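**Q** Generate a structure from the sequence data that follows.
(chains A and B)
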Amino acid sequence: MPRRTAAPAAPGTPAVRTLVSPLALATARGRAVYWTVFGGVVLAFALAFLFPVYWMATGAMKPPDELVRTPPTLVPESWHLAAYTDAWDLMRLPRHLWNTVVQATGAWILQIVLCTAAAYALSKLRPAFGKVVLGGILATLMVPAQALLVPKYLTIADLPLLHTSLLNDPLGIWLPAVANAFNLYLLKRFFDQIPRDVLEAAEIDGAGKLRTLWSILLPMSRPVLGVVSIFALVAVWQDFLWPLMVFSDTDQQPISVALVQLSQNIPLSVLIAAMVIASIPMVLMFLVFQRHIIAGISAGGVKG
Amino acid sequence: MPAADTPMKSGQGHPRPPAPGRGRRSATALAGGASGPRPADRARVAPGHLRRRLSHQARAHAFLIGGLLSFALFSWYPAIRAVIIAFQKYTPGAEPAWVGTANFTRVFQDPEFGAAWRNTLTFTLFALIIGFAVPFVMALVLNELRHARAFFRVVVYLPVMIPPVVSALLWKWFYDPGAGLANEVLRWAHLPTSNWTNGADTALISLVLVATWANMGGTVLIYLAALQGIPGELYEAAELDGANIFQRVRHVTVPQTRFIMLMLMLLQIIATMQIFTEPFVITGGGPENSTVTVLYLIYKYAFLYNDFGGACALSVLLLIVLGLFSALYLRLTRTDD
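**A** Numbers count the residues shown, from 1 in each chain, chains lettered A, B, ... in the order given. Now for the predicted structure:
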C-alpha cells in the first residue's frame, strides 16, 4: 500500500476518516444503508447485551409458576418483590455483601498504599538491587496467576516463619492482593514520566521523601491512581476461585462464593433475585465511572 | 536531613544533557528507571557521604519493603514451592516426603488428564475463533457509526462488569432444557432445540458462548481504540486506487491493527487456558468429563482428592505451557516500546 504524506483535509470532511468515505455516506443510498445498519446494530446490541440483563431482573419478579412457564412471558403478568426480600433474608445477602465490601476495600487500600510506595521507590529512589527487584516483579507477569493458586493456598494456610493461617481471614485476600505486578508497573511507568526536577525542587525546599510523595507525586498521579483503584476493586469483587479456596467458613464468604454455594438448594426466583443484587454494586460503579473506565481500558490496551 | 541530601543529588542530576527526552526514559524504564551514581561520584565517597547514602538506601527500602514482602510471599515463594511440591507427597500438617516423578506419572495416567488438556485446548481454539472474529467485526462496524457511540461502548462492556459467577449462573438458567431461554428462542424461531450444557457434544461450545458474551467488551473497546489510530489518508489512498470496502479492510485495517490483534490473541489464549468459573458453576465438569479443564482438574486434585503433590505437578505443566505464551507476549510488547 503506498504511503502518502498527509494531505490537508478537504473542507467539510470530518477530521477522522474511517473505512467508509464521508462522500459515500452523504448520498441518499449511503444514508439509507447507514441508518439500516445503525438500526440493526442497536437492535442486535439490545438483544445480545441488554435483554439477558432485563430477563434476569424481571425473572426475579415473576411468581414461581410464571417463571417456569413455556412459552415464557416477556413482561411479568404481576410484579412481585418477594423474591428480592427473600434473597436478602434467606441467603443472608447483607452479611455476604458486607464481607465482599470489607475484602475489596482492604485489598484496595493496601494495594494503593504499598504499590504506590514501592513504585515510588523503584522509580525515583534508586534502591540497591532495584533492578533485580523490578525484574522479579515483571517476571511474575509471565506467570499465570491461576496456575499458582494451590501453592499460594498452601502458603497462606501456613505462613512461613510465623506459622499462622490466614484461611477464613480477610487478610488472606488483602495481603496477596498487593502482589499485583500489573498495577505496580502501571504506577511505576507513570512516576517515570514525572521529571525528577519537580521532585528535586521539593527536596530543596526541605520536603522529605514521604512528603514529596504525598504532596507532589500523588496529586500529579490522580488519573493512574483512579485506574489502579478501579482495577483493584473490580478484581476482588469479581474474583471467585481464590475466595472459594480461602473461605470455607460460610459466614466469611464473599457474595460470589456464597451465590454458588447456596445456588443448589434455593428456589430459582430467589437465586435470580440474589444474582441481580450481587450485580448492582459493580454495574452502578461502572455507570458512574463509565467514561474513566472505558478510557482506561482503551488506553491501556493500545499502550500495553 | 533532606537539605543535606540535595548537593549529592544535584551533583548527579545536573551534568546530564538538559533534555533527556522520551528516548532515555523509555530505554531505562524497564531497567529500574534511573542510572546508578556516576563513577566520578563513586570515586570521591567520603565517610559522611557513605552514611548519607546508607540512610538514603534505608529510606528507599522502607518504601519498597511492603510490596517486596507481598511479592516474595505470594508470588515468588509459591512459584518455587509449586516445583518443589510437584516432586513430593504433601499433606498439610505432615512432613512432606520426596517421591521423585511419581506425581507426574500418576497425573499422566489419570484419564481425566487427557480430557482436561483436550477440553482446554478445544475451548481455547473455539474461544479464539468466536471470541476473536466477533469483536473485530463488531469494532469495525461500531467505528463507522456516527451516533450513540457512548451508548454502544457502555452496552458492550456491561457484561464484563457483571460478576463472572452471576453470568455463569444466568447462562446456566438460560441453558435449562425445560424453561430455559435458549431453547425458547429456538422454538420461537422453529429451529430444533439443543441440549446445550447437558449434551457431551455441545457442552463445551455452550461454555465458550458464555465466556465470549461475558468477556467480549474489553476486546471490542481495545479494537475500537486501535481502529481510531489508523490514519484516514490510508483509506483515502486505497479508495483512490480503486479498492472496495472489503479490500480496504484487507489491505489497510488488518495490517494497521495486526500488532494489537496478535497481542489480544495471546492474552486471550493465556486467559482462556485458565478457565475455571464457567465449567465449575455451570456443568461441574460434566457431562462425561466433556468440560473438565486443566485448572478445574488442579482444583479437584487439591480440594477433592487432597492430593497436593498431583495438583502442583499439574500446575507446573500448566505453568510451562502458559509461560511460553506469556514470554512471547512480553517479548512482542517490549519490542514495540
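**Q** Look up the closest residue to residue 76, ignoring the ones flanking it.
**A** No chain in the question, so chain A it is. Leaving aside its sequence neighbours, A:Pro76 sits nearest to A:Lys62 (Cβ to Cβ, 6 or more residues apart in numbering or on different chains; 4.6 Å). C-beta coordinates here come from the backbone N, C-alpha and C atoms, glycine included.
**Q** Chain B, not that one
**A** A:Gly136 (6.4 Å).
**Q** Phi, psi for the residue in chain B that chain A sits nearest to please.
**A** Proximity to chain A, evaluated over chain B using Cβ to the nearest Cβ, is greatest for B:Gly232 at 2.6 Å. Main-chain torsions, B:Gly232, degrees, to the nearest 10: phi -60, psi -30.
**Q** OK, contacts around the closest residue to it other than its chain neighbours?
**A** Nearest non-adjacent residue to B:Gly232, counting by Cβ to Cβ, 6+ apart: A:Arg17, 2.6 Å away. By Cβ atoms under 8 Å, 6 or more residues apart in numbering or on different chains, the residues touching A:Arg17 are A:Ala9, B:Gly232, B:Glu233, B:Tyr235, B:Glu236.
**Q** Would you agree A:Arg17 falls within a strand?
**A** No - counting by DSSP: H, G, I helix; E, B strand; the rest coil, A:Arg17 is not found in a strand; it is coil.
**Q** these two touch, right, A:Arg31 and A:Pro22?
**A** No - between A:Arg31 and A:Pro22 there is no contact, the gap being 11.6 Å when judged by Cβ atoms under 8 Å.
**Q** Show me which residues of the stretch 201-304 of chain A are close to chain B?
**A** The stretch 201-304 of chain A comes close to chain B at residues A:203-204, A:206-209, A:213, A:234, A:237-238, A:240-241, A:245, A:255-257, A:259-260, A:263, A:268, A:271-272, A:275, A:278-279, A:282-283, A:285-287, A:290, A:293-294, A:297-299, A:301-302, A:304, as judged by Cβ under 8 Å from any Cβ of the partner chain.
**Q** Distance of the nearest residue to A:Ile173 once chain neighbours are set aside relative to chain B?
**A** Spatial nearest neighbour of A:Ile173, chain neighbours left out: A:Gln103 (4.5 Å); criterion: Cβ to Cβ, 6+ apart. Distance, A:Gln103 to chain B, using Cβ to the nearest Cβ, to the nearest Å: 13 Å.
**Q** Where does the stretch 101-250 of chain A get nearest to chain B, residue-wise?
**A** For the stretch 101-250 of chain A, Cβ to the nearest Cβ, closest residue to chain B: A:Ala118, 3.1 Å.
**Q** tell me the contacts of that residue?
**A** Listed by Cβ under 8 Å, 6+ apart, the contact set of A:Ala118 reads A:Leu184, B:Phe63, B:Leu64, B:Gly66, B:Gly67, B:Leu68.
**Q** and the two most separated of the residues you listed?
**A** A:Leu184 and B:Phe63 (12.3 Å; Cβ to Cβ).
**Q** and the two? which has more neighbours close in?
**A** A:Leu184 (27 against 23; other Cβ atoms under 10 Å in any protein chain shown).
**Q** what's around the nearest residue to A:Val246 once chain neighbours are set aside, how many residues?
**A** Nearest residue to A:Val246, sequence neighbours excluded (Cβ to Cβ, 6+ apart): A:Gly172, at 4.2 Å. Applying other Cβ under 10 Å, we find 24 residues neighbouring A:Gly172.
**Q** For A:Gly172, which residues are in contact?
**A** Counting by Cβ under 8 Å, 6+ apart, A:Gly172 has contacts A:Ile156, A:Leu166, A:Val246, A:Phe247.
**Q** Go ahead and confirm the last one touches A:Gln253.
**A** The one in question is A:Phe247. Yes - under the criterion of Cβ under 8 Å, A:Phe247 makes contact with A:Gln253 at 4.6 Å.
**Q** A:Arg31 and A:Pro22: which is more packed in?
**A** Shown here are A:Arg31 and A:Pro22; by other Cβ under 10 Å, A:Pro22 has more neighbours (16 against 12).
**Q** pLDDT below threshold where in chain A?
**A** A:1-16, A:300-304 (pLDDT under 70).
**Q** And it, split by domain according to the record?
**A** With automatic domain parsing as the criterion, the domains of chain A are listed as A:22-80, A:92-265.
**Q** Mind checking what secondary structure residue 242 has?
**A** I went with chain A, as the question did not name one. A:Trp242 - assigned by three-state DSSP - is helix.
**Q** actually it's chain B I care about, not the one you picked
**A** Recorded secondary structure, B:Gly242: coil (three-state DSSP).
**Q** Near it, how many other residues are there?
**A** B:Gly242, neighbours per other Cβ under 10 Å, totals 7.
**Q** Go ahead and confirm the residue nearest to A:Pro76 touches A:His80.
**A** Yes - here A:Lys62 reaches A:His80: they are 7.2 Å apart, a contact under Cβ under 8 Å.
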